[in-house]
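[1] take this sequence and fold it.
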Amino acid sequence: MTITPWTPYCGPAPDPADVLGRWNGDPVLLTGLGLLVAWGVFGAIKNRSGARALLGAAGVLVVVFISPLCALSSALFTARTLHHLLLLFAAAPLLALSLPRLKAPRLAMATAVQAMVFWAWHTPDLYAAALSSDAVYWLMQVTILGSAVWFWAAVRASNVPAAVAGLLAAMLLMGLLGALLVFAGEPLYAPHFATTLAWGMTPLEDQQAAGLIMWAPAAAAYLLVALWRVAGLFQRRETARPA
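    Purely as a prediction, here's the structure:
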């Protein structure tokens, strides 16, 4: 098997001994995050809740793109999965909360687009391309985050039945992708063929661990939000009931 040298945006795959020192100091990225923080601080004057959400999203993006998680995602597909799930379940909903409520949610379309984008970037060829080119890497990040922001903004603006339907559809699609990775039977992601053994895993074990994360906790996150929306509906009805 021929191993292609990969040059991911986050740098070469680290060893366990040096990963904690691998912080990303990209000045363009730091400037962009600084502007996002400044926007959040300025926005606190007019909308405190929106500003808090924006600052929270900035904090998540620091973890994803600046902390050693960035470098670790060059070594392990499991770390890359955690990276993507932080975008989906932390940065994206916080950014959605910082934006004005959508007037036309189009939740079915948002759900489909988010799933298609996430699945597309986890096909082996597109995934390898993202770890071979900074431009493709950032296209991956922007489209995953952007589609997730649209999805959460649509969930927020939709009524409870529609929101629950969208969340359950997203749960099933995430779980299906995770199950396919678990039962693939062979490693699919060439950029990690030579980087996982230093971390005590074969490439297949790394892929299976990532698939399990998608299949169980990631899929369950959508279910928990759906249950929260249903519980909120019953609570409002109980509050509105005359004594």
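[2] flag the shaky bits of the protein, pLDDT-wise.
    Within the chain, the segments meeting pLDDT under 70 span 1-6, 43-46, 233-243.
[3] any chance you could map the helices in it?
    In the chain, the helices defined using DSSP state H lie at 27-43, 48-65, 68-75, 77-86, 92-98, 107-121, 124-130, 134-157, 160-182, 203-213, 219-240.
[4] name the helices or strands packed onto the third one?
    What it means is helix 68-75. helix 77-86 (3 or more CB pairs under 8 Å, 6 or more residues apart in numbering; DSSP states H and E). In short, each C-beta sits where N, CA and C put it, glycine included.
[5] number of residues surrounding Phe89?
    For Phe89, the neighbour count with other CB atoms under 10 Å is 18.
[6] was I right about it contacting Ala218?
    Yes. Phe89 sits in contact with Ala218 when judged by CB atoms under 8 Å, with a separation of 7.3 Å.
[7] hang on, the earlier thing: Val19 is nearest to which of the helices of the chain?
    helix 68-75 (5.1 Å; CB to CB).
[8] with just CA atoms, put the closest one into PDB.
    Taking Å, rounded to 0.1, in the frame of the first residue of the first chain, the C-alpha atoms of helix 68-75 are listed here in PDB:
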ATOM      1  CA  PRO A  68      -4.300  21.200  20.200                       C
ATOM      2  CA  LEU A  69      -7.500  19.500  19.000                       C
ATOM      3  CA  CYS A  70      -6.700  21.000  15.600                       C
ATOM      4  CA  ALA A  71      -3.400  19.200  15.400                       C
ATOM      5  CA  LEU A  72      -4.800  16.000  16.900                       C
ATOM      6  CA  SER A  73      -7.400  16.000  14.100                       C
ATOM      7  CA  SER A  74      -4.500  15.500  11.600                       C
ATOM      8  CA  ALA A  75      -3.600  12.300  13.400                       C
END
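[9] so which residues make contact with it?
    Contacts of helix 68-75 with the rest of the structure, by CB atoms under 8 Å, 6 or more residues apart in numbering, involve 6, 8-14, 19-24, 63-64, 79-80, 82-83, 131, 191-192, 195-196, 198-199.
[10] ok and that helix relative to helix 203-213, angle-wise?
    130 degrees (axes from the mean of the first three to the mean of the last three CA atoms, to 10 degrees).
[11] give me the angle between helix 68-75 and helix 48-65.
    Angle of helix 68-75 versus helix 48-65, following the same axes, to 10 degrees, is 40 degrees.
[12] helix 68-75: how far from the chain's middle?
    Here helix 68-75 is found 15 Å from its chain centre; the criterion is CA atoms, centre = their mean, to the nearest Å.
[13] surely Phe77 and Leu204 touch.
    No. With contact defined as CB under 8 Å, Phe77 does not reach Leu204; the gap is 10.2 Å.
[14] next, count neighbours for the nearest residue to Phe183 once chain neighbours are set aside.
    Nearest residue to Phe183, sequence neighbours excluded (CB to CB, 6 or more residues apart in numbering): Gly211, at 8.0 Å. Using other CB under 10 Å, Gly211 has 23 other residues around it.
[15] what residues are up against Gly211?
    Gly211 makes contacts with Leu177, Gly178, Ala179, Leu180, Leu181, Val182, Phe183, Ala184, as judged by CB under 8 Å, 6+ apart.
[16] so between Phe77 and Leu204, which is more surrounded?
    Remark: of Phe77 and Leu204, Phe77 carries more neighbours, 26 against 14, as counted by other CB under 10 Å.
[17] quick one on the thing from earlier: now the residue nearest to Phe183: how far from Ala184?
    Distance, Gly211 to Ala184, using CB to CB, to the nearest Å: 8 Å.
[18] Val19 too?
    Val19 is 26 Å from Ala184, by CB to CB.
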